[in-house]
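Asks: quick one, structure for this:
(one chain, ligands or ions: 1)
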Amino acid sequence: MPDQHAAVQPPSPAPGPQRTEFYGRLKGQSLTPLWEVLKGLVPPEPRPTPLPHIWHYDTLRPYLLEAASLVTAEEAERRVLVLENPAFAGKSRATATLYAGIQIVLDGEVAPAHRHTASALRFVLESSGGFTAVGGERTTMRVGDFVITPSWAWHDHGNASGQPIMWMDILDLPMVNFFEGGFSEHHNDQTQSIGRPEGDALARYGAGLLPLDGTGPFGKTSPIFSYPFDRTRAALATVAAAGSADPHWGTTLRYSNPSDGGWAMPTISSWMTHVGAGTSTKAVRSTDGMVVAVAEGRGTVRVGDKRMSFGPRDVFVLPNWTPRSFEAESDCFLFCSSDRVAQEKLGLWREERLQA
Ligand code: GTQ
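Replies: So this is what the prediction gives:
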């Protein structure tokens, strides 16, 4: 230990044993030299960790059915196969900030009521009419529907359709857990009590009308908790037919919160992109990593130097700040989600449109 009162010596300019010895002593004081870590801490541009990855539905489906033969929905609480990015082994992450999984509920099963501060969305992949109940209202889940479970809303899932139902879950769990701010609890009953008829929320908030008073039941989340695919598809097809596609983003409409015009959820952005048969989009990159589920169509996505062919119900990850573009063989309807809304609120979101 040098004498603290001795005159400070000019620095020894080259790395050497003195530095190593100094760093060793710093460690013991819970101190670390910034100059050794600065470049990693403040990178000149994003260095994406997630890898591009695709899960083909044909591959996923038998595993889901096998899971359902081994574990009941009740025992599992949520019987889900997590879509874990190969770059995040053991971390239950699809991107740096989003969790994704595929959930299966068999005919006659119940996924019991619980709630958590993490927000969830569902995108329905296969259904003959299973349902979810959210905050006192039930909604039938049809293929292509976008359904929200707002933060801290009770939710249980059920199925009396005679066939299994499968959907993609996306939750903001990595974000919530980053803040270490998460809560959850179980309901006393398997299923919550239902206080409003099916379709109530859509009628009140989703018909271009709003109640005279009241802001809706879900705080920062859209009071429309179920956005039916037939409406989304019809709107997008009409807009696409008008020929106003963005060269980089195709024809895109975002799911919005009618109360304020913002994104439907406070932490996760979702939108649907149409790319017409035989057309392609130009490459673009943005700071948000995306999870995409194919609602309809076949095509190829280029992401960085990788090409992935996709078909209906496939799910893929497009890493942050990595150029991406779509080539559509047939008319494609692509459901996309990312943390864009969170980045926008924090002033972080950027995009770069490339000319290729
Ligand atoms: O349906 O509530 O995939 O709580 C992960 C956690 C689904 C759900 C997931 C959950 C849920």
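
Asks: residue in the stretch 101-250 of the chain nearest to the ligand?
Replies: The nearest approach of the stretch 101-250 of the chain to the ligand comes at Asp169, 3.5 Å away (Cβ to the nearest ligand atom). Every residue, glycine included, has its C-beta placed from N, CA and C.

Asks: how many neighbours does that residue have?
Replies: Applying other Cβ atoms under 10 Å, we find 19 residues neighbouring Asp169.

Asks: number of residues surrounding the nearest residue to it once chain neighbours are set aside?
Replies: Spatial nearest neighbour of Asp169, excluding adjacent residues (Cβ to Cβ, 6 or more residues apart in numbering): Gly101 at 4.8 Å. Neighbour count of Gly101, defined by other Cβ under 10 Å: 20.

Asks: doesn't Gly101 fall inside a strand?
Replies: Yes: per DSSP: H, G, I helix; E, B strand; the rest coil, Gly101 lies within a strand segment.

Asks: just the pLDDT at it, thanks.
Replies: Gly101 carries a pLDDT value of 98.

Asks: give the contact list for it.
Replies: By Cβ atoms under 8 Å, 6 or more residues apart in numbering, the contact set of Gly101 is Val80, Leu81, Val82, Leu83, Met168, Asp169.

Asks: beta partners for it?
Replies: Beta-bridge pairing for Gly101 (DSSP bridges): Val82, Asp169.

Asks: please apply the same query to Trp55.
Replies: Val315.

Asks: identify the residues contacting Arg298.
Replies: By Cβ under 8 Å, 6+ apart, Arg298 lies in contact with Ser309, Phe310, Gly311, Pro312, Ala328, Glu329, Ser330, Cys332.

Asks: please list only the buried members of those residues.
Replies: By neighbour count, with 16 or more other Cβ atoms under 10 Å, those hold Phe310, Gly311, Pro312, Ala328, Cys332 as buried.

Asks: redo those residues as TSV? Include distance to the ligand, pLDDT and secondary structure.
Replies: Shown next, in TSV, are the buried ones among the contacts of Arg298 (distance: Cβ to the nearest ligand atom, whole Å; pLDDT from 0 to 100; DSSP: H, G, I helix; E, B strand; the rest coil):
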residue	distance to the ligand	pLDDT	secondary structure
Phe310	22	99	strand
Gly311	23	98	coil
Pro312	21	98	coil
Ala328	29	98	strand
Cys332	25	98	strand
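
Asks: ok, of these, which one's closest to Asp145?
Replies: Checking the buried ones among the contacts of Arg298 against Asp145 with Cβ to Cβ, the nearest one is Pro312 at 15.0 Å.

Asks: the stretch 251-356 of the chain: strands as residue ranges?
Replies: Shown for the stretch 251-356 of the chain, the strands assigned by DSSP state E, counting those that start in this stretch span residues 251-254, 269-275, 284-286, 290-296, 299-303, 306-310, 315-318, 324-328, 332-338, 351-353.
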